[in-house]
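Asker: give me coordinates for this.
(one chain, ligands or ions: 1)
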Amino acid sequence: MRDDPGPRVTWMRQQVGGVTWVRAEGLRLRLLDFLRADGLTLPWRVVYLRPSRFEDANLRAHELVHIEQIDRDGSLTFSLRYVWWLVRHGYDGNPYEIEAYDRVPGWPGRRARLGRSKNLMR
Ligand SMILES: [Zn+2]
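Answerer: Model prediction:
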């Protein structure tokens, strides 16, 4: 058994407070591209982040709200509700997303970035 390793940090992964932040590459990055997202929180406390936004504190705060929602509602309920609300209300109207954006005040988030990211994406 090892001594307490502290936060484990590699180029690809940071483990902080029970959350694993993953710098998305390869298929994970393709998934973010497909979703037109900079971050994706998975129900098992893993968050994929676009490499260019890996240090973005606002994006991380947003994804941490999703972690809280998962802890609050349970991963199964969260997953089912998220998809149901996504289909029913769209991304912008998804109550989980509304809460997550509301709790990072002053951050325009994805809505404002969508137009810009088209030009910036290479
Ligand atoms: Zn979100």
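
Asker: which stretches of the protein form strands?
Answerer: Listed in chain order, the strands of the chain (DSSP state E) span 8-9, 13-16, 19-23, 39-42, 46-49.

Asker: mean confidence for the longest one?
Answerer: When the per-residue pLDDT values of strand 19-23 are averaged, the result is 97.

Asker: now that strand, how far from the chain's geometric center?
Answerer: Distance, stretch centre to chain centre, for strand 19-23: 9 Å (C-alpha atoms, centre = their mean, to the nearest Å).

Asker: ok, back up a step: ranking the strands of the chain by burial, who's on top?
Answerer: strand 46-49 (a mean of 21; mean count of other C-beta atoms under 10 Å). (Glycine included, C-beta is placed from N, CA and C.)

Asker: could you export the strands of the chain as JSON lines, including distance to the ion?
Answerer: What follows is the strands of the chain, written out as JSON lines (distance: least, C-beta to the ion, whole Å):
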{"stretch": "strand 8-9", "distance to the ion": "24"}
{"stretch": "strand 13-16", "distance to the ion": "19"}
{"stretch": "strand 19-23", "distance to the ion": "14"}
{"stretch": "strand 39-42", "distance to the ion": "7"}
{"stretch": "strand 46-49", "distance to the ion": "10"}
